[in-house]
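Undergrad: 3D model of this:
(one chain, ligands or ions: 1)
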Amino acid sequence: YQMLKAYRQINDPKSPPGPVQLPYVGRIHDLPIEFMWIKLKEWGDVYAQTGFYRTTMLGANFLVLTDEKIAEELLVKKAKFNSDRPVIRSLFDSKSTYGSMEYLPLMGKNEYWARQRKLTHSYLTEASNARYYNVMYFECKRWLARLIEDPDNFQAILEDMCSKVMCQLTWDDPELSTYCTKSAWGLLRQMSPAGPITNVLTPLWHLPWHLNPWKRAERKRHDEQQDWWMERLTTTREKMAKGEMRPCFTRQYLEKTSKKTTLSGDYEASCVLGMLALVGIFTVVGPLSYYLVAMIHHPKWQEAVQREVDEKCNGRLPTLEDAPNLPILRACIKETMRWRPNVPTGVAHETEADDIFRGYFIPKGTRILPLDWAFLRNCDKYPDPDSFRPERWLEPGWPTYQEPLTQFPTIKGMTSFGWGQRQCLGQTLTQDELIVACGALAWAFTLKPKTDPKTGAALPVPTDKSNSLLIIRPDPFSMAFEPRSEKRKEEALRLWSQAERDDIAARKAFLEGLGNDRGEKGEPEAVPINGNGVKTDWLCNKMRDGDKERQNVSLDRLEQLKQDILIHIKSVPDLHAEPTPTAPIINRSTS
Ligand code: HEM
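TA: Numbers count the residues shown, from 1 in each chain. The predicted structure follows:
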C-alpha cells in the first residue's frame, strides 16, 4: 500500500508530463551519468510537447526545458522567483547559505551573490573596454610560438594560454597558470554530477567523517584552494607596499574598490577574485578545442577563414579592431559553440516559490534545467542541426541570419550563456578571446589531422568524444599544426620574442620606478587612448608588444604626456618667466 501511495504521489497528474517515476528513486536508474544531456533530450522528444517535462531523482524535482521560449518565460520573465541555485552536495555550503562566500556562480540568490556579481561585472566590463590591457594579444603570441615548438602538447598549451590570460588579469602573474588550472579542474569535477558519487547518491555525503572518503577529500581540496586564493591577495598587498605590484584586478580591489565595496573583507575578496580567474579557464578551453576539431573536419571553412584574415588584416595578426570585418571567422566560432555546446545540460536554477505554470503545479525548490543541447538542436531554428554549417549565420534565407554582418554573428546572447539574473558575466571576454585566438590560428597554421607514420593514413579526430562534466571539452586527440609558410612561422616566432623582450623591459622599468608610484599617489587618472573613447589607467604599464598598433598607442600616450608636461610648465610661472607683479612671490627659504 505504501508503495502504491508513493507511486501515485510521485506521478501526480497535476505535475507536468514526463517519464513515469518510480517511488523514492524517480528515474535515477536509467539516466546515465555519461552524456546525460543526450538521454535528457531523448525524454524531451517524447514528453516535452509543450517545451518542458518533469522528472525526479532521489526526491529532487526537475523541470527540464527543451524550448528556449519556455526558458525565456520561466527564467527571464519570472526571474524574480526562479533565480536561486540548487545545493551541490559534494561542496561545503555551495550556495553560501551559511556565509562561506566562495563560489559566485553556485551561490543562492543572497546578498553575497548580489555584491560579488556587481563587482565581477564591473571588473570584466572595464577590462573589455580596455581591450584586456593587451594581455590576450601577448598570450596569443606566446601560444603560437609554443604550438610551433611543441605541437604534440597542444591541449595542455591551449589550456595554459587560457589560464595565463586569467592569471595576468587577476594577479599580473602568468607563472601562476599551472596551479590555477589544476585548481579549476578540481572544482569543476567536484561540482559536476559526473564527479564524486556523492553528487548523485547524495545520502553518502552524510556518512560520519571517518567513513567518508568523499568529505575528507573535499576538505583537502577546498582548504588548499582557499589558502592559495588568500595567498594571492596577501602577496599582492605586500608587493604593493613595496611598490612592486603592477596593475591587475587584485590591486584594483586593494587600491580602490576595498574602500567603497560592500564585500566583508579579505576572505571574501580573495574568493571572488580567485573564482573569477578560475571560471575563465575551463569555460573557454571547450569552444577553443572544439574549434580545432571543426576546422580539421571542414577544410573549406578553414580556407575561407584564412582568406578572410589575410585579406582583411593585410597579412598581420588579427586584433579586436578587425572583428567587424571578419564575419566568416565569427560565424565559424558561433557555429562551433552551437554544434558542440560546452555546457550541454545548462546550469540549473531553483524555484523560490510554488507556481502554476501552463496549468501545472511547480513546487518551490524545483530545479529548472535549461537543456542547451535541446535548444541548439531545434530543427525549425537550426535546420540540419547535427551538421557544422556556418553559412546559417552568413546567408539570407536561414532562420538565424541577421544583419549587419559587421555586428552579427555574435556569440553574445546565445542560449549557452544562460538566462535572466544568472546569465553569464563572461560573454564578452569569451567572444574576444575566441576571436583573437582563432584569428591567430588562421593566420599562422593550417590545422590538419596527423598522419600515421607507418601507413601514412590520417589519424581520426573524433567529433563526439568528451568528458561528461558540467562544462565539457573533447577527449585527448592528436592533430598537426602546419605553419602556413616558413615566413609566417618565422614571423610568429619573431613576434613572440619581441613581445617577451618588451614585457621583460616593461616589468624592469616598473620595478625601477617608472611606474611604481601609482599606488602610493592614490588613484591615477584614466588615460584616453587611440582617440576611440577607450579609457584605461593600466595601459601604459601594460605596453608589451612592439607591433605597429601598440607603438601607435605608445606614441599617443607619449604625445599626451608631452602635452600634459607643457601645460604644467606653463602653469608654473617662475619656471619660464620673470615674476610679474601679479604672480605670487615665493619665499624659497621658507617654502
Ligand atoms: C564558452 C564560454 C562560457 C559559457 C558557455 C558560459 C556559460 C555560463 C552559464 C550557462 C552560466 C549560468 C547561467 C545561468 O545560470 O542561467 C554562467 C554563469 C557565469 N559565468 Fe559563464 N560561461 C562562459 C564563459 C565565462 C567566462 C570566460 C567567465 C569569466 C571570466 C564567466 C563567468 C561567469 C560567472 C561569474 C557566472 C555566474 C553568474 C551568476 O551566477 O550570477 N563565464 N556561465
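
Undergrad: Could you tell me which residues of this structure lie near the ligand?
TA: By Cβ under 6 Å from any ligand atom, the residues of the chain that approach the ligand are 104-105, 117, 120, 276, 279-280, 283-284, 287, 342-343, 346-347, 349, 416-419, 422-426, 429-430. (C-beta placed from N, C-alpha, C; glycine too.)

Undergrad: Check what pLDDT residue 568 gets.
TA: Residue 568 is assigned a predicted lDDT (pLDDT) of 40.

Undergrad: coming back round to it: in helices only, show me the residues of the chain next to the ligand.
TA: Using DSSP state H, 117, 120, 276, 279-280, 283-284, 287, 429-430 are the members of the residues of the chain next to the ligand that sit in helices.

Undergrad: Could I get the full set of strands for the stretch 401-550 of the chain?
TA: Along the stretch 401-550 of the chain, the stretches classed as strands by DSSP state E, counting those that start in this stretch are 445-448, 480-483, 527-529, 534-536.

Undergrad: same check, this time on the chain
TA: Ranges of strands within the chain are 52-57, 60-65, 349-350, 355-357, 360-362, 367-370, 445-448, 480-483, 527-529, 534-536, based on DSSP state E.

Undergrad: tell me what the third one is packed against?
TA: Strand 349-350 sits against strand 367-370, with contacts defined as 3 or more Cβ pairs under 8 Å, 6 or more residues apart in numbering; DSSP states H and E.

Undergrad: For the strand it packs on, which strands pair with it and how are they oriented?
TA: The sheet places strand 367-370 alongside strand 60-65 (parallel), strand 349-350 (antiparallel), with pairing taken from DSSP bridges.

Undergrad: Minimum distance to residue 141: which of the ones you listed has it?
TA: With Cβ to Cβ as the criterion, residue 141 lies closest to strand 349-350 of the strands paired with strand 367-370, at 39.9 Å.

Undergrad: still on that earlier bit, now the residues of the chain next to the ligand: which count as buried?
TA: 104-105, 117, 120, 276, 279-280, 283-284, 287, 342-343, 346-347, 349, 416-419, 422, 424-426, 429-430 (16 or more other Cβ atoms under 10 Å).

Undergrad: can you put the strands of the chain in CSV and add mean pLDDT?
TA: Below are the strands of the chain laid out as CSV (pLDDT from 0 to 100):
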stretch, mean pLDDT
strand 52-57, 96
strand 60-65, 97
strand 349-350, 98
strand 355-357, 97
strand 360-362, 96
strand 367-370, 98
strand 445-448, 98
strand 480-483, 98
strand 527-529, 31
strand 534-536, 34
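
Undergrad: Without its sequence neighbours, what residue ends up closest to the residue of the stretch 51-200 of the chain at minimum distance from the ligand?
TA: Minimum separation of the stretch 51-200 of the chain from the ligand (Cβ to the nearest ligand atom) falls at residue 105, amounting to 3.6 Å. Spatial nearest neighbour of residue 105, excluding adjacent residues (Cβ to Cβ, 6 or more residues apart in numbering): residue 279 at 6.4 Å.

Undergrad: Need the pLDDT of the one you found.
TA: We have a pLDDT of 98 for residue 279.

Undergrad: surely it meets residue 426?
TA: Yes - with contact defined as Cβ atoms under 8 Å, residue 279 counts as touching residue 426 (6.8 Å).

Undergrad: Give the bridge partners for the nearest residue to residue 292 once chain neighbours are set aside, please.
TA: Distance criterion Cβ to Cβ, 6+ apart; nearest residue to residue 292, sequence neighbours excluded, is residue 447 at 5.8 Å. On the basis of DSSP bridges, residue 447 is bridged to residue 481.

Undergrad: Give me the neighbour count for residue 447.
TA: If you count neighbours by other Cβ atoms under 10 Å, residue 447 ends up with 22.

Undergrad: Over to the one 3 residues further on?
TA: Residues near residue 450, counting by other Cβ under 10 Å, number 17.

Undergrad: Over to residue 485?
TA: Using other Cβ under 10 Å, residue 485 is surrounded by 11 other residues.

Undergrad: Dihedrals phi and psi, it?
TA: According to degrees, to the nearest 10, the main-chain angles of residue 485 amount to phi -160, psi 170.

Undergrad: mind checking how far the residue nearest to residue 452 when sequence neighbours are not counted is from residue 325?
TA: Excluding the flanking residues, the one nearest residue 452 by Cβ to Cβ, 6+ apart is residue 459, at 5.8 Å. Separation of residue 459 from residue 325 (Cβ to Cβ, to the nearest Å): 35 Å.

Undergrad: Repeat that for residue 397.
TA: Distance, residue 397 to residue 325, by Cβ to Cβ: 23 Å.

Undergrad: When those two are compared, which one has more neighbours?
TA: residue 325 (15 against 7).

Undergrad: Next, the contact list for residue 401, please.
TA: If you count contacts by Cβ atoms under 8 Å, 6 or more residues apart in numbering, residue 401 has them with 392-395.

Undergrad: what about burial for the residues you listed, which qualify?
TA: 392-394.

Undergrad: so residue 48 sits right up against residue 64, yeah?
TA: Yes - Residue 48 lies in contact with residue 64 (Cβ under 8 Å); the separation is 7.2 Å.

Undergrad: who has more neighbours, these two?
TA: Neighbour count, other Cβ under 10 Å: between residue 48 and residue 64, residue 64 has more, with 26 against 23.

Undergrad: Look up which residues are beta-bridged to that one.
TA: Going by DSSP bridges, residue 64 forms beta bridges with residue 53, residue 369.

Undergrad: OK, contacts around it?
TA: By Cβ under 8 Å, 6+ apart, the contact set of residue 64 is 18, 40, 43-44, 48, 52-55, 369, 371.

Undergrad: let's see 6 Å
TA: Residues counted as contacts of residue 64 (Cβ atoms under 6 Å, 6 or more residues apart in numbering) are 40, 53, 369, 371.
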